[in-house]
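Chemist: quick one, fold the following:
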Amino acid sequence: MVTCPACGKENEDSAYECKRCRAPLREEELQAELAASQSLGDVCRRCEAYNEPGVTVCTNCGLPLFAESGQPPDTTPPSGFTPPTQVPETLSEELRALAISDEEAAEAGLTLATRNGNPSDKTPPEPFAVSRLAPPGPAARPRVGEGVPGAAAGPAPARRPPPAPPSPSSRMEPPPEALAIAAALPANKPCTSCGARNPPAAKFCFDCGTPFAKKASSAPPPPSIEIAADLGAETFEDATMQSAPVPAEEPVPAESVAEPIPEEQPPPFAAKLVLETADGNGTEFTLGHLENSLGGSAAHVELGEDPHVAPHAATVAFVDERLVLRDEGSANGVYVKVREPAPLEPGDLFIAGERLLRYDGPVDVSRAPAGDPPLLGAPRPGEALYRVTEVLLGAKTGRTCHRAPPAVSIGRTGCDMNFGDDPLLAARHAEVRLAEDGAATLVDLGEGASGVFLRIRAQQPVELQAGDVVRIGDQRLRVEVG
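Modeler: Numbers count the residues shown, from 1 in each chain. Next up, the predicted model:
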């Protein structure tokens, strides 16, 4: 064994430096070897690799081969490298190597608290108390196992003269509350397996590694739910218990409980609608309800697969001995054939032949401001103008006609609005007559077999009479009464 000249730690014979303070142990031998190896090459003192003569830095680990004057040689092994002669010790040996004896504590000026006059009690007054009472250094490290009964004992190794104790001004005195806590701490815990003494906060033995059992709490845990004392006398029925059978009651007939449904009254008179289109001409639809819906497949009067007909386009109802027609707000609307002159309002739509037209009412055609050159064209009349517009497929605008009173004529030839390619139009088919007060009237001139159809306004019922023709989409229905 080689004793460290700096701290007195015993090391193995093959060690180059002290395990505790890292001080060189064989400096004289290293110098002799260095002088002997200058002519033959150099061996690294850290990794023991051979280097050629004249090399100053180890080619294996990079350690300088010649230490500077006055500095101890650096024998610290590189990261991840452990010389074969310096095998790490066990955990107990490492802890004993880092422990501090009573003599070293006295030399360093460290005063440890004792319990009941027992100097072997090394329990610190509080965690990290040693670091607060003495400056950090090799002599201030705690050591486990020395000075305790049952620990290995041996001759005291030779040590260097102890350093001078710190001055009282630089020493930190523990506060009174730390001393009170240290007095209340329990003694070192003995291991049940090996008998070694361990600090009170240890969870396992530092010698054999046996874990310490947790102390069971003597006080019972508080109840999670508190039950009032006055509830103990009451009894509660379990919800899962089978309840007493309920006596069966005689079934009540549904007819006696349900509200009576009033029977639908029959129509006051007989009426029907007869289809006039080429597909299904002559098909009759009897109006057997007080309100009869017209539209798609779910209506009372089914109009087939016409894409222009809504599922519920209109309703034909019997009201006070009358038969009325009501538009339910469909996109394409409901039209009734004009039998006598019908009043028009701006925005009303009507059908003449195959043309869908719209009456826009009076329009203002203002003159150009004074001073501007007049636009080339026909002279503008001085009186008010009225406009009729053709509506194309997709609600686009076709021909537009501006005329002054008394009328705007529509037909195939010789009219204000001529549609020569329409086979259902007569030469003079219809007129929009304009009165002096601005009132407009739609008149069927009676020269065309197809007639003129005026769209009824939504939610404004129109009375039907026998012989009237109703147009929904491409379907025409004739009203028959009696």
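Chemist: what about the residue lying closest to Pro311 once chain neighbours are set aside, neighbour count?
Modeler: Of all residues not flanking Pro311 in the chain, Gly296 sits nearest, at 4.0 Å (Cβ to Cβ, 6 or more residues apart in numbering). (Glycine included, C-beta is placed from N, CA and C.) Neighbour count of Gly296, defined by other Cβ atoms under 10 Å: 16.
Chemist: list the contacts of Gly296.
Modeler: By Cβ atoms under 8 Å, 6 or more residues apart in numbering, Gly296 lies in contact with 302-303, 309-312.
Chemist: likewise Ile410?
Modeler: Contacts of Ile410 (Cβ under 8 Å, 6+ apart): 352, 355, 357, 388, 416-417, 419, 425, 429-432.
Chemist: sec struct for it, please.
Modeler: strand (DSSP: H, G, I helix; E, B strand; the rest coil).
Chemist: what's the neighbour count on the closest residue in space to Gly280 that isn't next to it in sequence?
Modeler: Among residues not flanking Gly280 along the chain, Gly304 sits closest, at 7.2 Å (Cβ to Cβ, 6+ apart). For Gly304, the neighbour count with other Cβ under 10 Å is 15.
Chemist: ok, Gly304 to Asp327 distance?
Modeler: Counting by Cβ to Cβ, to the nearest Å, the gap from Gly304 to Asp327 is 20 Å.
Chemist: what do you get for Glu249?
Modeler: Glu249 is 53 Å from Asp327, by Cβ to Cβ.
Chemist: of those two, who's got more company?
Modeler: The residue with more neighbours, out of Glu249 and Asp327, is Asp327; 21 against 6, by other Cβ under 10 Å.
Chemist: Ala314 is in contact with the more buried one, correct?
Modeler: Yes. Counting by Cβ atoms under 8 Å, Ala314 is a contact partner of Asp327 at 5.5 Å.
Chemist: can you list residues touching both of the two?
Modeler: With Cβ under 8 Å, 6+ apart, Asp327 and Ala314 have common neighbours Val334.
Chemist: and Glu103, which of the three is it?
Modeler: helix.
Chemist: quick one on the thing from earlier: now, which of the contacts of Ile410 lie within strands?
Modeler: 352, 355, 357, 388, 417, 430-432 (DSSP state E).
Chemist: of these, which is the most crowded?
Modeler: Busiest of those [other Cβ under 10 Å] is Ala430, holding 28 neighbours.
Chemist: contacts only, for Thr286.
Modeler: 270-272.
Chemist: quick one: which of those is most hemmed in?
Modeler: Going by other Cβ under 10 Å, Ala271 tops the contacts of Thr286 with 20 neighbours.
Chemist: before we move on, the earlier item: quick check: phi and psi at the residue nearest to Pro311.
Modeler: Here is the backbone geometry of Gly296 (degrees, to the nearest 10): phi -80, psi -150.
Chemist: distance of it from Ala310?
Modeler: Counting by Cβ to Cβ, the separation of Gly296 from Ala310 is 7 Å.
Chemist: what do the two both touch?
Modeler: Here Gly296 and Ala310 have no joint contacts, going by Cβ under 8 Å, 6+ apart.
Chemist: rounded mean pLDDT for stretch 362-379, please.
Modeler: Mean per-residue pLDDT for stretch 362-379: 72.
Chemist: residue boundaries of the helices in the protein?
Modeler: 27-36, 91-97, 102-107, 129-133, 176-184, 254-257 (DSSP state H).
Chemist: mean pLDDT for these: which is lowest?
Modeler: Mean pLDDT across these is lowest at helix 129-133; the value there is a mean of 42.
Chemist: sorry, back to before: okay if I get the ones in strands among the contacts of Ile410 as CSV plus pLDDT?
Modeler: What follows is the ones in strands among the contacts of Ile410, written out as CSV (pLDDT from 0 to 100):
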residue, pLDDT
Ala352, 95
Arg355, 94
Leu357, 96
Val388, 96
Met417, 95
Ala430, 96
Glu431, 96
Val432, 96
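Chemist: nearest to Arg20 among these?
Modeler: Distance to Arg20, by Cβ to Cβ, is smallest for Leu357 among the ones in strands among the contacts of Ile410, at 115.1 Å.
Chemist: Pro362 contacts Glu383, doesn't it?
Modeler: No. Applying Cβ under 8 Å, one finds Pro362 not in contact with Glu383, separated by 10.2 Å.
Chemist: between these two, who's got more neighbours?
Modeler: Pro362 (14 against 6).
Chemist: beta partners of the more buried one?
Modeler: Here Pro362 shows beta-bridge partners Tyr386, assigned using DSSP bridges.
Chemist: how near is it to Cys21?
Modeler: As defined by Cβ to Cβ, Pro362 lies at a distance of 116 Å from Cys21.
Chemist: again, but for Val319
Modeler: With Cβ to Cβ as the criterion, Val319 and Cys21 are 118 Å apart.
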